[in-house]
Structures are given as structure tokens and as C-alpha cells.
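In: pasting the sequence and the predicted coordinates here, then a few questions.
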Amino acid sequence: MEISNLKLYNFKNHHLVDLKIDSKVIAITGENGSGKTNILDAVYYIANTKSYFIHHDSLVITDGQKECSVHGKLIIDNEDTEIGISMGESKKKVIKKNGKTYSKLVDHVGLIQTVFITPYDIELVFDGSEIRRRFIDYTISQLDKNYLYDLVEYRKVIDQRNAYLKSLDGNKLDDFLIESLNNKLIPLNERIFKVRAEFMLEFNDFFDKYHKVLGAKETGKIIYESQLEGQDYFNLLKINEQKDILACRTTAGIHKDDLIFNIDDKQLRKFGSQGQIKTFVIALKLSQFFYLKKKTNRIPLLLLDDIFEKIDESRSMKLMELVCSDGFGQIWVSDTSSNRVKKHFSPFTKSCKYISLPYSAEQSNHQV
């Protein structure tokens, strides 16, 4: 899987970009603030119909503009495929594959796999559980449409239940209504929990391998933590009913799941050094890459954002040796220095296209 052409129109800080690609490695270089990461994010946007960094669609439109679009020509399973995503004044997003509009955005999910490694991924260690659930859900949803549909339905029912709990305002609970909502939640919780638990059992084997490949001397482990472990969700809802009424929200369920990251049986966020944390996170993303590759029989697009400034020389060279091997496909990398990119990639591959920002049309056919 690879991109042969990428066009941006009013996407973030890029008014007009048209990149013609014929290389394994695409290096986007320029000063901080020039929009390097935004080009990588546009690749992610084409694959996932949303930004990696921004959760409100309207914010991807260039300031002062009313519309934007991202268009890509790709080769998927040896077939030419065109993907276009546009958004106008109504802020309604339109996604087309080969000129045909999707009826549902979720129908596009899973067509193009991407793995994004960025300095912001350290949030996986230090932020709340939501970002770690998002990591699980993104990975599984690339492979399992039923899981994705269950997630969408679960969020809808949880929102309905929470809205009802907020509306009580001291009034008596309507047993019939709450039971109806519970009956919708129970099978969704059980199915999502089962899929997540099975996924983590297999995923840990990938993580153990690539954590060691990056030179980690300590033992890393990911523990899936869920309230449903050994519990019946019907009973959990009953036990937490009064708590839910007081809190005005549903306090038990798979929306509380978390991942615990350990090294040598100690919590990474509390006891890990900066080097150990960076290695753990990169291993997590490489495991995601190889897991998706195995399950889809496709090679995901790899997006490396400004990582050479963030990891030491030894780790970065081990990473380059790995990603330039035959097991990887197209790689998009951003950095402030083209010389640094050349230093890391040139020992392993000569197929590299360098695009410097600010972008000019003459660069679209320039290859180093």
C-alpha cells in the first residue's frame, strides 16, 4: 500500500499542496511551524477520515477559509484507488472512493492502515485512560467492522442513559426505562470486553518482541484492566445504580477500561526513565504496525513525526534498520533537518524523496 499523489487544499496551514510521490521514504523538512506534521496528518486524515491531533473537524480548515479538501491517489492491493475528503461551509464531511460518496463514514474505516509515531504519543503513558482505550479501539476497528459498529452503538446508548440520569434531579427512577437501557448495554459491554481481552492476549506477544528489538533490557508488559473481568455486567449495573443516580452518569462499563504499562513489574509512568518511556511507546506503535500487517496482509503506511530529536542515537539507528527492511512499505517522516534524515536513512535505503517547507510546486518532481 502506498500513496502516489497527495493534494491538500486549505488543510490546516497549507493553502495548496500537490505532491507526486515515487519513493519508499518521503521526508518533509522545514522549520518548526512550517507545517511538516500537518502533511503527515493529511495522510492519516485520508486513511481515517479525521485528524490524529484535532477532534473537531472544522478546525482542520485553514483560518479564514470556508472549505478544505484532501485528495490522495493510492495503490491498494495492486489496484489504483482515489480517496477524496472535502468539507464546505456546512462543515459536513464528504468522503469519496473512486468518485463514489460513502453513505456512512465508518464504511471507509479499515481500507487504509496507518501507524503514526509522534512525540505526542507520550500521552499514552501519562494521560487518562481514554487515550489508551482509543489506541485499542483504533487497532481493532481497522480489522473488525462489527466491533466498530458495537462501539458506535455503545456510545449512543451510554449518552442516552447518562442524559436520563442527569434529568432525574431527585425524581424517582423509572424502572422500566432504566431496564430498557440496561438491556441494550449488557450485550454490547460483553461483546466489546471479549474482543478487547482476546486482542490484548495476542498483542502482548507482538509487544514483547519489538520491545526487545529496540534494545530494551527490562521486561515490558501491558495489562488490560476492566471492571468486567470476572464480573457479570447485569450485576455491576445493579450494584452501581445508586452511585449512578448520585453521579448523574454510568459509572461501570467498558468505557472505564484501561491499559497498565509496566516494566519489570513496576508502573512505567511512576518508575520509568525518559529513555525507557520512549522505547516503550515506540515498541507499542511498532507492535501495532506488525499486528495490522499480519491481520490484513497489507503493509500499513508508517508516519514518523519529528522522532530523531526525541530518541537517542542508538535507538534511532535500530529503529531505522528495522523500518527500512523489507517488512515495511512507504514511510513518511518529518524533521527540521534534511541532513539528519539523510544520516539516519542513507545507510539503509537510497529511495528517499525530500520535500522542504515552505513548499513550492517545483519540488513535486524533485527527488534526492
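Out: Sure thing, it's come through. Residues are numbered from 1 along each chain as shown.
In: only C-alpha atoms from now on, for both contacts and neighbour counts.
Out: Will do.
In: got the domain boundaries for the protein?
Out: Here the domain parsing of the chain from automatic domain parsing is 1-113+298-368, 132-296.
In: mind putting these into a markdown table with distance to residue 126 and mean pLDDT?
Out: Formatted as a markdown table, the domains of the chain follow (distance: least, CA to CA, whole Å; pLDDT from 0 to 100):
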| stretch | distance to residue 126 | mean pLDDT |
| --- | --- | --- |
| domain 1-113+298-368 | 16 | 86 |
| domain 132-296 | 6 | 94 |
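In: need the ones you listed in JSON lines with mean neighbour count and distance to residue 120, can you?
Out: Converted to JSON lines, the domains of the chain look like this (neighbours: other CA atoms under 10 Å; distance: least, CA to CA, whole Å):
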{"stretch": "domain 1-113+298-368", "mean neighbour count": "17", "distance to residue 120": "9"}
{"stretch": "domain 132-296", "mean neighbour count": "16", "distance to residue 120": "10"}
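In: touching, residue 117 and residue 311? I think so.
Out: No - using CA atoms under 8 Å, residue 117 is not in contact with residue 311; the gap is 12.0 Å.
In: overlap in contacts of the two?
Out: In terms of CA atoms under 8 Å, 6 or more residues apart in numbering, residue 117 and residue 311 are not both contacted by any residue.
In: hmm, back to that, so for residue 125, which of the domains of the chain sits nearest?
Out: If you check each of the domains of the chain against residue 125 by CA to CA, domain 132-296 wins as the nearest, at 5.9 Å.
In: just how off-centre is the longest helix along the chain within its chain?
Out: Longest helix of the chain, by residue count under DSSP state H: helix 175-213. Chain-centre distance of helix 175-213: 18 Å, with CA atoms, centre = their mean, to the nearest Å.
In: following element in sequence after it, please.
Out: Next along the chain after helix 175-213, taking DSSP states H and E as the criterion, comes strand 220-225.
In: report the strands that pair with that next one, each with its relative direction.
Out: Partners of strand 220-225 in the sheet, by DSSP bridges, are strand 258-263 (antiparallel).
In: what's whichever helix or strand comes after the partner strand in contact with?
Out: Using DSSP H and E, the next helix or strand after strand 258-263 towards the C-terminus is strand 266-267. If you take CA under 8 Å, 6+ apart as the criterion, strand 266-267 is touched by 260, 261.
In: by contact count, what packs against the helix or strand just after strand 266-267?
Out: Next in sequence after strand 266-267, counting helices and strands by DSSP H and E, comes helix 268-271. For helix 268-271, the elements it packs on are helix 123-126, strand 258-263, judged by 3 or more CA pairs under 8 Å, 6 or more residues apart in numbering; DSSP states H and E.
In: got the angle for the longest one vs helix 175-213?
Out: Read it as strand 258-263. Angle of strand 258-263 versus helix 175-213, following axes from the mean of the first three to the mean of the last three CA atoms, to 10 degrees, is 20 degrees.
In: which SS class is residue 54?
Out: Three-state call for residue 54 (DSSP: H, G, I helix; E, B strand; the rest coil): coil.
In: so how far is residue 255 from it?
Out: 21 Å (CA to CA, to the nearest Å).
In: residue contacts, residue 27?
Out: Contacts of residue 27 (CA under 8 Å, 6+ apart): 332, 333, 334, 335, 338, 341, 352, 353, 354, 355.
In: can you tell me the closest non-neighbouring residue to residue 195?
Out: Leaving out its chain neighbours, the residue that sits closest to residue 195 by CA to CA, 6 or more residues apart in numbering is residue 147, at 7.7 Å.
In: wait, what's in contact with the one you found?
Out: Contact analysis of residue 147 by CA under 8 Å, 6+ apart lists 140, 141, 192, 195.
In: ok, residue 41 next?
Out: Going by CA under 8 Å, 6+ apart, residue 41 touches 51, 52, 53.
In: using TSV, please lay out the residues you listed together with distance to residue 165.
Out: As requested, the contacts of residue 41 are arranged in TSV below (distance: CA to CA, whole Å):
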residue	distance to residue 165
51	32
52	32
53	32
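In: on that earlier part again, helices - which of the contacts of residue 27 land there?
Out: 338, 341.
In: tell me which of the contacts of residue 27 is nearest to residue 317?
Out: Nearest to residue 317 among the contacts of residue 27 is residue 341, at 11.2 Å by CA to CA.
In: gap between the closest one and residue 309?
Out: Taking CA to CA as the measure, residue 341 falls 11 Å from residue 309.
In: same deal with residue 245?
Out: For residue 245, the distance to residue 309 equals 49 Å [CA to CA].
In: same check on residue 320?
Out: Separation of residue 320 from residue 309 (CA to CA): 14 Å.
In: before we move on, what about residue 8?
Out: Computed as CA to CA, the residue 8 to residue 309 distance reads 27 Å.
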